[in-house]
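Undergrad: Give the three-dimensional model of this entry:
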Amino acid sequence: MIIFIALSPLIMIIQLYRSAYSGLSRSVWLLAAVMFINRCGTMVIPFLGVYLTESLHLSIDKSGVVMALFGVGSIVGTLVGGRLTDRLGAYNVMWMSLGLGGLMFIVVGQLQSFEALCLGTFVLGSVAEAFRPAVTASVALYSRPENRTRSYSLNRLALNLGWSVGPAVGGWLASVNYSLLFWVDGCTCIAAAILLRLILPKTSRSSEEVTEQSSPTDSAYRDYKYLVFMIFVTLFAISFFQLFSTVPLYYKQVYHLPEDQIGTLMALNGILIVCIEMVLVHKLENRYPSLHLMAVGSILVACSYFIFNVTFGVWWLVIAMITATFAEMLAMPFMNTYALQRAKPHNRGQYTAIYTASWSIAQISAPLIGTQFISRMGFTMVWWLMVTFCVMAACGFWAIYYKTGRIEKLS
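TA: Numbering: from 1, shown residues only. Model (predicted):
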């Protein structure tokens, strides 16, 4: 009896995690496996700048142009990928993007001239990133409305696990030969494409899609409430992406932390997501309005940057990272779900394309905005700017909720 009482908290925790992961379809799990294998090969992009400057001896300015063109290509790819998803189906776009993207990684690894690299990385970004709106639409097809947010969280978990493997292995391969990065990244993409074809059942167009005809008024680009929503998502994303661009600079230049401690702080984000997000989403899904959760997440990101400006100490950096990570877990899965709830089955690709493109825009602009403010006004001002962006995003999410008459109460 005493042993049972002592073990009861552990039993409750096990049951909670089991409940969080139960009820998801087999196809959602298989898609997550494909995503994990694909992300395990993420090696080229994290080391692209170093490769261009150290191996090909390009100037920093030219390297920046090449990397920026990959970002521009990713925006084009997501928008085109969304259109193709609606026309060809998410399944076809996924495997074609993975396969062609894998080939392009190998091709880019053979390019030497600046002009060829500019063209190659643009095409690579366009082809590879067409995968993102397709996989988002696929999660919607493979999941049920009541567990859709958890399905997205499982997808994010697979991405984070794969991301923890890819750059680590990539660093070792780069120390041997940079060309290995392109071959391994390309081969893992092709392997993921083959695995997708072998194990994942092909999604068929739902009866809703077949019977519902599209019209010009169905276009996501005419859904002005959705476009306004995406403005606030972009503000949130610009603020959040400072975590992976200017925040490490802050750790180094202000706190003078060594690289291993910076890496440990950054790894804390992924560890918490893997351990907690599915359980957290399970407890919140279908119980609170998604727009409220996004607003709370935005406020928490603001708090993490507020901590930088009003405190000093390494332990406060840990608290700020934990705060930002909980903000990510509260906001991002529900942003995905909300984006698809505004779509109809036959135009999901358009909605997911706009959603993923906004994150691509934020990923490009976040380091530019952050570094420009730092170089001119210092870290303090950039943190206050991010606090402002987050508060604006939170107010925007709450305004959309009350403006729409709380129709999205439990969405």
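Undergrad: When you work out contacts or count neighbours from here on, use the C-alpha atoms and nothing else.
TA: Noted.
Undergrad: Can you tell me the element the closest residue to residue 126 other than its chain neighbours falls in?
TA: Nearest residue to residue 126, sequence neighbours excluded (Cα to Cα, 6 or more residues apart in numbering): residue 77, at 3.8 Å. Assigned by DSSP states H and E, residue 77 falls within helix 60-88.
Undergrad: same check, this time on residue 58
TA: Element membership for residue 58, per DSSP H and E: none, as it lies in no helix or strand.
Undergrad: Residue 121 contacts residue 68, doesn't it?
TA: No. Residue 121 is beyond contact range of residue 68, at 9.1 Å (criterion: Cα atoms under 8 Å).
Undergrad: rewinding a little: number of residues surrounding the residue nearest to residue 126?
TA: By the criterion of other Cα atoms under 10 Å, residue 77 has 28 neighbours.
Undergrad: Residue 121 and residue 68: which has the busier surroundings?
TA: Set residue 121 next to residue 68 and count neighbours by other Cα under 10 Å: residue 121 wins out with 26 against 17.
Undergrad: Look up the closest residue to that one, ignoring the ones flanking it.
TA: With Cα to Cα, 6+ apart, the residue lying closest to residue 121 is residue 70, at 5.1 Å.
Undergrad: First-to-last residue distance for stretch 245-265?
TA: By Cα to Cα, to the nearest Å, the extent of stretch 245-265 from end to end equals 13 Å.
Undergrad: Show me what counts as buried in that stretch.
TA: The neighbour-count check on stretch 245-265 (16 or more other Cα atoms under 10 Å) flags 245-251, 257, 262, 265 as buried.
Undergrad: about what we covered before: got a list of what the residue nearest to residue 126 touches?
TA: 125-130 (Cα atoms under 8 Å, 6 or more residues apart in numbering).
Undergrad: Check the residues you listed for the minimum pLDDT and say which it is.
TA: In terms of pLDDT, residue 129 ranks lowest among the contacts of residue 77, with 85.
Undergrad: That one reaches residue 79, doesn't it?
TA: No. Contact criterion Cα under 8 Å: residue 129 and residue 79 do not qualify, at 9.3 Å.
Undergrad: Tell me which of the two has more neighbours.
TA: Per other Cα under 10 Å, whichever of residue 129 and residue 79 has more neighbours is residue 129, with 29 against 26.
Undergrad: if I look at that one, how far off is residue 398?
TA: Taking Cα to Cα, one finds residue 129 at 31 Å from residue 398.
Undergrad: what ranges do the helices span in the stretch 251-400 of the chain?
TA: With DSSP state H, counting those that start in this stretch, the ranges of helices along the stretch 251-400 of the chain come out as 259-284, 290-310, 314-341, 348-377, 379-403.
Undergrad: any idea which of those is most buried?
TA: helix 290-310 (a mean of 23; mean count of other Cα atoms under 10 Å).
Undergrad: tell me the angle that one makes with helix 379-403.
TA: Interaxial angle, helix 290-310 versus helix 379-403 (axes from the mean of the first three to the mean of the last three Cα atoms, to 10 degrees): 160 degrees.
Undergrad: Keeping just the C-alphas, turn helix 290-310 into PDB.
TA: Coordinates of the C-alpha atoms in helix 290-310 are reproduced here as PDB (Å, rounded to 0.1, in the frame of the first residue of the first chain):
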ATOM      1  CA  SER A 290      -6.900  29.600 -29.600                       C
ATOM      2  CA  LEU A 291      -6.700  33.400 -30.100                       C
ATOM      3  CA  HIS A 292      -6.500  33.800 -26.300                       C
ATOM      4  CA  LEU A 293      -3.600  31.300 -26.100                       C
ATOM      5  CA  MET A 294      -1.800  33.100 -28.900                       C
ATOM      6  CA  ALA A 295      -2.200  36.400 -27.000                       C
ATOM      7  CA  VAL A 296      -0.900  34.900 -23.800                       C
ATOM      8  CA  GLY A 297       2.100  33.400 -25.700                       C
ATOM      9  CA  SER A 298       2.900  36.800 -27.200                       C
ATOM     10  CA  ILE A 299       2.900  38.400 -23.800                       C
ATOM     11  CA  LEU A 300       5.200  35.700 -22.500                       C
ATOM     12  CA  VAL A 301       7.700  36.400 -25.300                       C
ATOM     13  CA  ALA A 302       7.500  40.100 -24.400                       C
ATOM     14  CA  CYS A 303       8.200  39.100 -20.800                       C
ATOM     15  CA  SER A 304      11.300  37.100 -21.900                       C
ATOM     16  CA  TYR A 305      12.800  40.200 -23.500                       C
ATOM     17  CA  PHE A 306      11.700  42.400 -20.600                       C
ATOM     18  CA  ILE A 307      13.800  40.200 -18.400                       C
ATOM     19  CA  PHE A 308      16.900  41.100 -20.400                       C
ATOM     20  CA  ASN A 309      16.400  44.800 -19.800                       C
ATOM     21  CA  VAL A 310      15.500  44.800 -16.100                       C
END
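Undergrad: Quick one: low-confidence residue ranges for the stretch 51-200 of the chain.
TA: For the stretch 51-200 of the chain, the stretches flagged by pLDDT under 70 are 60, 167-168.
Undergrad: if we go to 90?
TA: Low-confidence segments of the stretch 51-200 of the chain (pLDDT under 90): 51-91, 112-114, 125, 128-181, 185, 199-200.
Undergrad: can you check the stretch 251-400 of the chain too?
TA: Residues of the stretch 251-400 of the chain that meet the cut-off, pLDDT under 90, sit at 251-290, 311-314, 332-334, 336-379.
Undergrad: Strands of the stretch 1-150 of the chain, residue ranges please.
TA: Ranges of strands within the stretch 1-150 of the chain: none, based on DSSP state E, counting those that start in this stretch.
Undergrad: where do the helices sit along it?
TA: For the stretch 1-150 of the chain, applying DSSP H, counting those that start in this stretch gives helices covering 2-21, 26-40, 44-50, 60-88, 90-108, 114-128, 131-142, 148-176.
Undergrad: nearest to residue 357, of the ones you listed?
TA: Judged by Cα to Cα, the one of the helices of the stretch 1-150 of the chain that comes nearest to residue 357 is helix 60-88, at 5.1 Å.
Undergrad: in the closest one, what counts as buried?
TA: Result for helix 60-88 [16+ other Cα under 10 Å]: buried residues 62-64, 66-86.
Undergrad: so it versus helix 90-108, what angle?
TA: Using the same axes, to 10 degrees: helix 60-88 against helix 90-108 is 150 degrees.
Undergrad: can the helices of the stretch 251-400 of the chain go into a markdown table with extra columns for distance to residue 141?
TA: Listed next are the helices of the stretch 251-400 of the chain as a markdown table, based on distance: least, Cα to Cα, whole Å:
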| stretch | distance to residue 141 |
| --- | --- |
| helix 259-284 | 19 |
| helix 290-310 | 20 |
| helix 314-341 | 11 |
| helix 348-377 | 10 |
| helix 379-403 | 26 |
